[in-house]
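Engineer: Compute the structure for the input listed below.
(2 chains)
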Amino acid sequence: KNEVEQSPQNLTAQEGEFITINCSYSVGISALHWLQQHPGGGIVSLFMLSSGKKKHGRLIATINIQEKHSSLHITASHPRDSAVYICAFPGGMDSNYQLIWGAGTKLIIKP
Amino acid sequence: SAVISQKPSRDICQRGTSLTIQCQVDSQVTMMFWYRQQPGQSLTLIATANQGSEATYESGFVIDKFPISRPNLTFSTLTVSNMSPEDSSIYLCSASWLAGNEQFFGPGTRLTVL
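Structural biologist: Numbering: from 1, shown residues only, chains lettered A, B, ... in the order given. Here you go, the predicted structure:
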(Lines give C-alpha, C1' and ligand atoms only; values in the text may rest on other atoms or scores of the structure.)
Protein backbone atom coordinates (compact mmCIF):
# COMPACT_ATOMS: atom_id res chain seq x y z
CA LYS A 1 0.00 0.00 0.00
CA ASN A 2 1.32 3.44 -0.90
CA GLU A 3 2.07 5.71 2.01
CA VAL A 4 0.10 8.52 0.40
CA GLU A 5 -2.83 8.39 -1.97
CA GLN A 6 -4.51 11.24 -3.79
CA SER A 7 -7.92 11.37 -5.38
CA PRO A 8 -9.09 11.97 -7.93
CA GLN A 9 -6.21 11.33 -10.28
CA ASN A 10 -7.77 13.56 -12.92
CA LEU A 11 -10.47 16.19 -12.56
CA THR A 12 -12.11 18.34 -15.22
CA ALA A 13 -14.57 21.00 -14.15
CA GLN A 14 -16.28 24.12 -15.43
CA GLU A 15 -15.15 27.57 -14.44
CA GLY A 16 -16.73 28.63 -11.18
CA GLU A 17 -17.14 25.15 -9.72
CA PHE A 18 -16.03 24.26 -6.21
CA ILE A 19 -13.09 21.85 -6.37
CA THR A 20 -12.01 19.31 -3.77
CA ILE A 21 -8.84 17.23 -3.95
CA ASN A 22 -8.19 14.61 -1.30
CA CYS A 23 -5.02 13.20 0.20
CA SER A 24 -4.89 10.19 2.51
CA TYR A 25 -1.79 8.82 4.13
CA SER A 26 -0.96 5.81 6.22
CA VAL A 27 1.86 6.96 8.49
CA GLY A 28 2.04 9.43 11.33
CA ILE A 29 3.17 12.82 10.14
CA SER A 30 3.85 16.17 11.71
CA ALA A 31 2.81 18.32 8.74
CA LEU A 32 1.70 18.11 5.16
CA HIS A 33 2.44 20.18 2.06
CA TRP A 34 0.10 21.07 -0.76
CA LEU A 35 1.97 22.02 -3.91
CA GLN A 36 0.94 23.20 -7.35
CA GLN A 37 2.87 22.24 -10.46
CA HIS A 38 2.23 24.16 -13.66
CA PRO A 39 2.60 22.60 -17.11
CA GLY A 40 6.08 24.13 -17.45
CA GLY A 41 7.23 22.13 -14.45
CA GLY A 42 7.63 24.86 -11.86
CA ILE A 43 6.32 24.03 -8.40
CA VAL A 44 4.71 26.45 -5.99
CA SER A 45 4.25 25.62 -2.36
CA LEU A 46 0.62 26.43 -1.53
CA PHE A 47 0.34 25.36 2.08
CA MET A 48 2.13 23.56 4.83
CA LEU A 49 -0.22 22.63 7.63
CA SER A 50 -0.12 20.50 10.71
CA SER A 51 -3.67 20.93 12.01
CA GLY A 52 -6.98 22.53 11.25
CA LYS A 53 -7.44 24.74 8.26
CA LYS A 54 -5.54 27.35 6.26
CA LYS A 55 -6.91 29.76 3.69
CA HIS A 56 -5.14 31.77 1.03
CA GLY A 57 -7.32 33.60 -1.44
CA ARG A 58 -9.59 31.06 -3.10
CA LEU A 59 -7.62 28.12 -1.77
CA ILE A 60 -8.46 26.32 1.46
CA ALA A 61 -6.55 23.39 2.93
CA THR A 62 -7.71 21.24 5.79
CA ILE A 63 -6.08 18.41 7.64
CA ASN A 64 -7.24 15.84 10.19
CA ILE A 65 -4.17 14.29 11.74
CA GLN A 66 -6.15 11.60 13.57
CA GLU A 67 -7.95 10.47 10.42
CA LYS A 68 -4.76 10.84 8.33
CA HIS A 69 -6.55 12.89 5.71
CA SER A 70 -6.18 16.28 4.10
CA SER A 71 -8.20 18.14 1.49
CA LEU A 72 -7.47 21.04 -0.81
CA HIS A 73 -10.44 23.12 -1.90
CA ILE A 74 -10.63 25.73 -4.64
CA THR A 75 -13.59 28.08 -4.61
CA ALA A 76 -14.81 29.87 -7.74
CA SER A 77 -12.39 27.90 -9.90
CA HIS A 78 -10.77 29.58 -12.88
CA PRO A 79 -8.93 28.23 -15.95
CA ARG A 80 -5.66 29.56 -14.52
CA ASP A 81 -6.11 27.06 -11.67
CA SER A 82 -5.44 24.29 -14.18
CA ALA A 83 -2.37 22.49 -12.89
CA VAL A 84 -1.26 19.36 -11.07
CA TYR A 85 -1.85 19.51 -7.34
CA ILE A 86 0.38 17.37 -5.14
CA CYS A 87 0.33 16.56 -1.46
CA ALA A 88 3.57 15.62 0.24
CA PHE A 89 4.95 15.19 3.73
CA PRO A 90 8.37 14.82 5.34
CA GLY A 91 9.14 11.13 5.70
CA GLY A 92 11.92 8.89 6.93
CA MET A 93 13.18 8.35 10.43
CA ASP A 94 16.59 9.85 9.95
CA SER A 95 15.83 12.32 7.15
CA ASN A 96 12.58 13.98 8.01
CA TYR A 97 13.09 16.59 5.36
CA GLN A 98 12.84 14.10 2.50
CA LEU A 99 9.36 14.55 1.09
CA ILE A 100 7.06 11.63 0.35
CA TRP A 101 5.02 12.63 -2.67
CA GLY A 102 1.49 11.84 -3.73
CA ALA A 103 0.95 10.98 -7.38
CA GLY A 104 -0.78 14.29 -8.02
CA THR A 105 -4.20 15.35 -9.23
CA LYS A 106 -4.36 16.83 -12.70
CA LEU A 107 -6.98 19.58 -12.66
CA ILE A 108 -8.41 21.15 -15.79
CA ILE A 109 -10.82 24.04 -15.48
CA LYS A 110 -12.74 24.76 -18.65
CA PRO A 111 -13.98 28.29 -19.40
CA SER B 1 8.79 32.70 2.12
CA ALA B 2 11.86 32.35 -0.10
CA VAL B 3 12.08 33.18 -3.79
CA ILE B 4 14.15 30.76 -5.80
CA SER B 5 15.42 31.16 -9.34
CA GLN B 6 16.98 28.58 -11.60
CA LYS B 7 19.07 28.87 -14.72
CA PRO B 8 18.66 27.71 -17.41
CA SER B 9 14.90 27.29 -17.53
CA ARG B 10 15.29 24.72 -20.28
CA ASP B 11 17.97 23.25 -22.50
CA ILE B 12 18.42 20.71 -25.24
CA CYS B 13 21.73 18.88 -25.03
CA GLN B 14 23.64 16.27 -26.93
CA ARG B 15 24.40 12.84 -25.54
CA GLY B 16 27.73 12.70 -23.72
CA THR B 17 27.84 16.37 -22.74
CA SER B 18 27.31 17.92 -19.30
CA LEU B 19 25.00 20.67 -18.10
CA THR B 20 25.25 22.73 -14.94
CA ILE B 21 22.05 24.08 -13.42
CA GLN B 22 22.19 27.03 -11.06
CA CYS B 23 19.87 27.68 -8.15
CA GLN B 24 19.76 31.05 -6.39
CA VAL B 25 17.75 31.81 -3.24
CA ASP B 26 16.90 35.37 -2.23
CA SER B 27 17.77 34.72 1.42
CA GLN B 28 20.14 32.57 3.40
CA VAL B 29 18.75 29.08 3.90
CA THR B 30 19.98 26.10 5.83
CA MET B 31 18.83 23.34 3.52
CA MET B 32 18.94 23.15 -0.25
CA PHE B 33 17.78 20.14 -2.24
CA TRP B 34 17.86 18.90 -5.79
CA TYR B 35 15.00 16.85 -7.26
CA ARG B 36 14.41 15.13 -10.56
CA GLN B 37 11.04 14.55 -12.15
CA GLN B 38 11.08 12.14 -15.05
CA PRO B 39 8.19 12.32 -17.51
CA GLY B 40 4.95 11.25 -15.89
CA GLN B 41 6.63 10.53 -12.56
CA SER B 42 6.67 12.06 -9.10
CA LEU B 43 9.62 14.04 -7.89
CA THR B 44 12.64 12.09 -6.67
CA LEU B 45 15.19 13.57 -4.32
CA ILE B 46 18.68 13.45 -5.82
CA ALA B 47 20.66 14.93 -2.98
CA THR B 48 20.85 17.46 -0.19
CA ALA B 49 23.33 20.23 -0.92
CA ASN B 50 25.37 20.94 2.21
CA GLN B 51 27.14 24.25 2.60
CA GLY B 52 30.84 23.74 3.08
CA SER B 53 30.81 19.97 2.71
CA GLU B 54 30.01 17.24 0.23
CA ALA B 55 26.40 16.73 -0.79
CA THR B 56 24.38 13.86 0.68
CA TYR B 57 23.12 11.63 -2.12
CA GLU B 58 20.06 9.42 -2.11
CA SER B 59 20.14 5.80 -3.14
CA GLY B 60 20.60 5.47 -6.87
CA PHE B 61 22.40 8.78 -7.33
CA VAL B 62 26.17 9.26 -7.28
CA ILE B 63 28.49 12.22 -7.16
CA ASP B 64 30.27 11.35 -10.40
CA LYS B 65 27.01 11.61 -12.31
CA PHE B 66 25.45 14.52 -10.39
CA PRO B 67 28.18 16.66 -8.83
CA ILE B 68 26.75 19.38 -6.61
CA SER B 69 28.26 22.55 -5.26
CA ARG B 70 27.04 24.73 -2.39
CA PRO B 71 29.56 27.52 -1.96
CA ASN B 72 27.35 29.62 0.34
CA LEU B 73 23.93 29.77 2.00
CA THR B 74 22.10 31.19 -1.04
CA PHE B 75 23.48 29.32 -4.04
CA SER B 76 23.90 25.80 -5.35
CA THR B 77 24.64 24.08 -8.63
CA LEU B 78 23.78 20.64 -9.97
CA THR B 79 25.72 19.20 -12.89
CA VAL B 80 24.27 16.41 -14.98
CA SER B 81 27.34 14.67 -16.39
CA ASN B 82 27.84 12.53 -19.45
CA MET B 83 24.18 12.89 -20.32
CA SER B 84 22.04 10.27 -22.00
CA PRO B 85 18.43 10.48 -23.18
CA GLU B 86 17.38 8.85 -19.88
CA ASP B 87 18.47 12.04 -18.13
CA SER B 88 15.72 13.99 -19.88
CA SER B 89 13.73 15.33 -16.94
CA ILE B 90 12.71 18.39 -15.03
CA TYR B 91 15.29 19.25 -12.39
CA LEU B 92 14.10 21.32 -9.44
CA CYS B 93 15.91 22.85 -6.53
CA SER B 94 14.22 23.65 -3.28
CA ALA B 95 15.18 25.33 -0.03
CA SER B 96 14.13 25.21 3.57
CA TRP B 97 15.20 27.05 6.69
CA LEU B 98 14.97 23.96 8.83
CA ALA B 99 14.79 20.22 8.24
CA GLY B 100 11.13 19.18 8.18
CA ASN B 101 9.92 22.70 7.57
CA GLU B 102 8.19 24.04 4.53
CA GLN B 103 10.18 23.77 1.32
CA PHE B 104 10.14 26.40 -1.39
CA PHE B 105 10.74 25.36 -4.95
CA GLY B 106 12.47 26.85 -7.93
CA PRO B 107 10.73 27.03 -11.29
CA GLY B 108 12.56 23.98 -12.59
CA THR B 109 14.91 23.28 -15.49
CA ARG B 110 13.49 21.21 -18.33
CA LEU B 111 16.29 19.15 -19.82
CA THR B 112 16.03 17.24 -23.08
CA VAL B 113 18.93 15.02 -24.12
CA LEU B 114 19.09 13.97 -27.75
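
Engineer: Find me the pLDDT at the closest residue to B:T44 other than its chain neighbours, would you?
Structural biologist: Residue nearest to B:T44 in three dimensions, not counting chain neighbours: B:R36, with 5.2 Å by C-beta to C-beta, 6 or more residues apart in numbering or on different chains. Any C-beta I mention is one placed from the backbone N, CA and C, and that applies to glycine too. Note on B:R36: pLDDT of 93.

Engineer: Give me the residues contacting the least confident helix or strand in chain B by mean pLDDT.
Structural biologist: Across the helices and strands of chain B, the lowest-confidence element by mean pLDDT, DSSP states H and E is strand B:104-105, at a mean of 86. Contacts to strand B:104-105, defined as C-beta atoms under 8 Å, 6 or more residues apart in numbering or on different chains, come from residues A:35, A:42-45, B:1-4, B:25, B:92-96.

Engineer: quick one: strands adjacent to that strand?
Structural biologist: When pairing is defined by DSSP bridges, strand B:104-105 lines up against strand B:89-96 (antiparallel).

Engineer: From the chain's centre, how far out is stretch B:86-96? Work that out for me.
Structural biologist: Mean-position distance between stretch B:86-96 and its chain equals 5 Å (C-alpha atoms, centre = their mean, to the nearest Å).

Engineer: now stretch A:28-44
Structural biologist: Stretch A:28-44 sits 7 Å away from the centroid of its parent chain (C-alpha atoms, centre = their mean).

Engineer: Would you mind pulling the contact partners of it?
Structural biologist: Everything outside stretch A:28-44 that qualifies as a contact, by C-beta under 8 Å, 6+ apart, is A:23, A:25, A:45-50, A:61, A:63, A:65, A:68, A:70, A:72, A:83-91, A:96, A:99, A:104, B:37, B:43, B:90, B:92, B:94, B:100, B:102-103, B:105-108, B:110.

Engineer: Go through those residues and flag which are in strands.
Structural biologist: A:23, A:25, A:45-49, A:61, A:63, A:70, A:72, A:83-91, A:99, B:37, B:90, B:92, B:94, B:105, B:110 (DSSP state E).

Engineer: how about the residues of chain B near chain A?
Structural biologist: Contacts of chain B with chain A, taken as C-beta under 8 Å from any C-beta of the partner chain, map to B:1, B:31, B:33, B:37, B:42-43, B:45, B:48, B:58, B:90, B:92, B:94, B:96, B:99-108, B:110.

Engineer: Filter the residues you listed down to the buried ones and express that as a ChimeraX selection.
Structural biologist: To isolate the buried members of the residues of chain B next to chain A in ChimeraX, using 16 or more other C-beta atoms under 10 Å in any protein chain shown:
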select /B:31,33,37,42,43,45,48,90,92,94,96,100,102,103,104,105,106,107,108,110
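
Engineer: In which helix or strand does the closest residue to B:E58 other than its chain neighbours reside?
Structural biologist: Using C-beta to C-beta, 6+ apart and skipping the chain neighbours, the partner closest in space to B:E58 is B:L45 (5.1 Å). Here B:L45 is covered by strand B:44-49, with elements defined by DSSP states H and E.

Engineer: gap between that strand and the chain center?
Structural biologist: Using C-alpha atoms, centre = their mean, the offset of strand B:44-49 from its chain centre is 7 Å.
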